[in-house]
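Trainee: here's a sequence, model it:
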Amino acid sequence: MHKSVGNALGFPSRNLLQFRGRNRQCVVRVPAGCQARDKQQSGVAILMPLQMYNIPDSALGESPEGSRFARTEARQARPKRLDKVPERTRPCNRIGVRSLEEVSPRGCFQRSPTPLAISERSTGGRPMRRFSVAVVTVLAIVGLLALNVTEAQAPRQVIRVRGSDSMAGRIDSMAKLYMNNHPDLNIVVSGGAKGVGLEGLMEKSGEVAMAARKLNEKEMRAAQESGLTLDERLVGYGGVVIVTDPANTVSELTVEQVKGILSGAISRWTQVGGADQPIAVFSVDQAHTGTLTFMTHDFLGDKPMATTAVSLSSFGSVMRKVAETKGSIGFTRYRDAFESPVSEQVQVKVIKIRRTADSPAVMPSRQAIADGSYPIRRPFYIYLDKQAAQTIKEFVEFVAGKGWGKQTL
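Mentor: Down below sits the predicted model:
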């Protein structure tokens, strides 16, 4: 169907390619090193890196844009404009085809932005049926396979864990670790719940509750009235660290002395062996209800903080205020004092704690908090319904087995 015009004319000048159809014959310029080859099943001629064809300069005409193109010879009728360029093309990798030149009604060639040089054979307007049927068949098979895969995948079981902000970081790390070996589960951990997360269990918006303290009798009774039979698991202990400004000469305190300072019974450092200056107390506010409730209810024995205490929105703010205020004291979580970015940005002094006046002064550490040698610590609990699914119970067992520690695993 194709023949070399260069061989017929004998002029080794321009690289052109001849496309001949039933109703037209035209010459297309193509890059050197490529020739057109028929593909009967697709109805297009595709450039292949085989050989070049040469046409002399005298055989070239001028396009309306001023570029030089070959003239078109019509056999029976003037060439028909190609309104649509076939998209089934293949690049001439050896030389890199950059554009398509197609036949215009005037008999000259126009440049098309199509990235590959092709020409449509005269097919009488008939669609490329074989190609279309093949594409539809492939798409149908792919669709059925995707549908079968989707149907085969069972939905993941969701376990919602709600409760204390102080527990959320480590529990979330343990949940992600657990899901690595249990891809059928989707465990969602969220802190910030009011109180201890018990509301989530009673309202059926959570399957597991995180509590930074032990539930009281009133809360246990409310759970029973809502139809829950609670199962309590101790995860571990978190330490509460006492910090002061770096210039303070006091390095250690007893538990009773800390209680006196926070409640306001002790208001000057001279009362605990320090300099003659007032004590400024900094505390977190209700944004951290778990820690604040533990300190006022469990540690101070239902006594309020000192009336002169300044409440701040975060433990990081407490550390910054203590660092810049002489004669100040505050409390924070262990991880905030030793493992947070704030601990690297500000300088505070950590107070060693004696359980009694005769006990050794202990610096807080993960080990000292876990074994109880550091006395100011609070328990972390997980609660769930005893009628919960076995998958939920197994996850809770995993968490309890890991115990408490760093926020990231």
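Trainee: what ranges of the stretch 151-300 of the chain fall below the confidence cut-off?
Mentor: Filtered on pLDDT under 70, the stretch 151-300 of the chain yields the residue ranges 151-154, 193-196.
Trainee: show me where it has its helices.
Mentor: With DSSP state H, counting those that start in this stretch as the criterion, the stretch 151-300 of the chain has helices at 165-180, 198-202, 217-225, 255-263, 289-293.
Trainee: now tabulate those in TSV and tack on mean neighbour count and distance to Val396.
Mentor: Every C-beta, even on glycine, is put in place using the N, C-alpha and C of the backbone. As requested, the helices of the stretch 151-300 of the chain are arranged in TSV below (neighbours: other C-beta atoms under 10 Å; distance: least, C-beta to C-beta, whole Å):
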stretch	mean neighbour count	distance to Val396
helix 165-180	19	10
helix 198-202	21	13
helix 217-225	13	16
helix 255-263	20	32
helix 289-293	21	19
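Trainee: out of those helices, which comes closest to Thr308?
Mentor: Closest to Thr308 of these is helix 255-263 (C-beta to C-beta; 10.9 Å).
Trainee: who touches that closest one?
Mentor: If you take C-beta atoms under 8 Å, 6 or more residues apart in numbering as the criterion, helix 255-263 is touched by 242, 253, 265-266, 271-272, 279, 281, 283, 295, 299-300, 303-306, 309, 329, 331, 351, 353-356, 375-376.
Trainee: whichever of those end up buried, select them in PyMOL.
Mentor: PyMOL command restricting the contacts of helix 255-263 to the buried ones, with burial defined by 16 or more other C-beta atoms under 10 Å:
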select buried, resi 242+253+266+272+279+281+283+295+299+300+305+306+309+329+331+351+353+354+355+375+376
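Trainee: of the contacts of helix 255-263, which belong to strands?
Mentor: Applying DSSP state E to those, the entries found in strands are Ile242, Leu253, Val281, Ser283, Ile329, Phe331, Ile353, Arg354.
Trainee: I figured the third one was touching Pro304, is that so?
Mentor: No - counting by C-beta atoms under 8 Å, no contact exists between Val281 and Pro304, whose distance comes to 11.6 Å.
Trainee: how about the CA coordinates for stretch 246-262, as PDB?
Mentor: The C-alpha trace of stretch 246-262 is given here as PDB (Å, rounded to 0.1, in the frame of the first residue of the first chain):
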ATOM      1  CA  PRO A 246      16.600  26.700  88.000                       C
ATOM      2  CA  ALA A 247      17.800  29.200  90.500                       C
ATOM      3  CA  ASN A 248      15.900  27.700  93.400                       C
ATOM      4  CA  THR A 249      18.200  26.300  96.100                       C
ATOM      5  CA  VAL A 250      15.600  23.600  97.100                       C
ATOM      6  CA  SER A 251      16.400  20.300  95.400                       C
ATOM      7  CA  GLU A 252      14.100  17.800  97.200                       C
ATOM      8  CA  LEU A 253      10.800  17.800  99.100                       C
ATOM      9  CA  THR A 254       8.700  15.300 101.000                       C
ATOM     10  CA  VAL A 255       5.200  14.300  99.800                       C
ATOM     11  CA  GLU A 256       3.700  16.200 102.700                       C
ATOM     12  CA  GLN A 257       5.700  19.400 101.800                       C
ATOM     13  CA  VAL A 258       4.500  19.200  98.200                       C
ATOM     14  CA  LYS A 259       0.900  18.900  99.400                       C
ATOM     15  CA  GLY A 260       1.300  21.900 101.700                       C
ATOM     16  CA  ILE A 261       2.800  24.000  98.900                       C
ATOM     17  CA  LEU A 262       0.100  23.200  96.300                       C
END
